[in-house]
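> next come a sequence and a model predicted from it.
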Amino acid sequence: MSTKSDWDFEVRSKKSPRYAMIAAGVLVLVHVTLAILLRTSATGVYFRLVDQFAMAGIGLLLAGGVLLLTRPRLRVGPRGIAVRNILGERVVDWDLDQGMSFPDGASWARIELPDDEYVPVMAIQANDREHAVQAVRRFRDLEAKYTGSRAE
């Protein structure tokens, strides 16, 4: 298990987690409200207590899924580049790194790998504007430090 001191740089998106938390809160609020109103409003269908719990549970599950969008993180250190997106984390060794790019129209940056492969970096998003620019610059500074002056 790595510690915070193993990494020289760590970055996360600023706006996306906020939006995700707001959306998750709205989903829970709406589903719980609907669950409460299921038995009190005349819909022509008879709902039981279990239906109310199920409705609230669906809201919680959806909110949990939305909160996965708060996970993306990029770490950079001597042992490589650790990219955590929604469901998994991948550590890229410096010898595989071929730079970071931000293609036109892309929502987030990516780490270029050999053979036209890449790892998406959801932690550096276009909607973060200046924060994203600073993160890419810091990444490139550390990349130059750890890969030496590997001129292309």
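Structure's in. What do you need?
> which other helices and strands does the top strand by length along the chain contact?
The longest strand of the chain (DSSP state E) is strand 117-125. Helices and strands touching strand 117-125, by 3 or more Cβ pairs under 8 Å, 6 or more residues apart in numbering; DSSP states H and E, are helix 15-38, strand 73-77, strand 80-84, strand 108-113, helix 130-147. The way it works is simple: take the backbone N, C-alpha and C, and place the C-beta from them, glycine included.
> tell me the angle of the third one relative to strand 73-77?
Our comparison of strand 80-84 with strand 73-77, counting by axes from the mean of the first three to the mean of the last three Cα atoms, to 10 degrees, yields an angle of 170 degrees.
> okay, strand 80-84 in PDB with CA atoms only?
Output of strand 80-84 as PDB, limited to C-alpha atoms (Å, rounded to 0.1, in the frame of the first residue of the first chain):
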ATOM      1  CA  GLY A  80       5.400   6.200 -12.200                       C
ATOM      2  CA  ILE A  81       2.000   7.600 -12.900                       C
ATOM      3  CA  ALA A  82      -1.000   6.300 -11.000                       C
ATOM      4  CA  VAL A  83      -4.300   7.000 -12.800                       C
ATOM      5  CA  ARG A  84      -7.500   6.100 -11.000                       C
END
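> report the strands that pair with it, each with its relative direction.
Strand pairing for strand 80-84, determined by DSSP bridges: strand 73-77 (antiparallel), strand 89-92 (antiparallel).
> quick one: mean pLDDT over it.
Averaging pLDDT along strand 80-84 yields 97.
> what's it in contact with?
Strand 80-84 is contacted from outside by 2, 7, 71-76, 89-94, 97, 111, 119-121, 123, using Cβ atoms under 8 Å, 6 or more residues apart in numbering.
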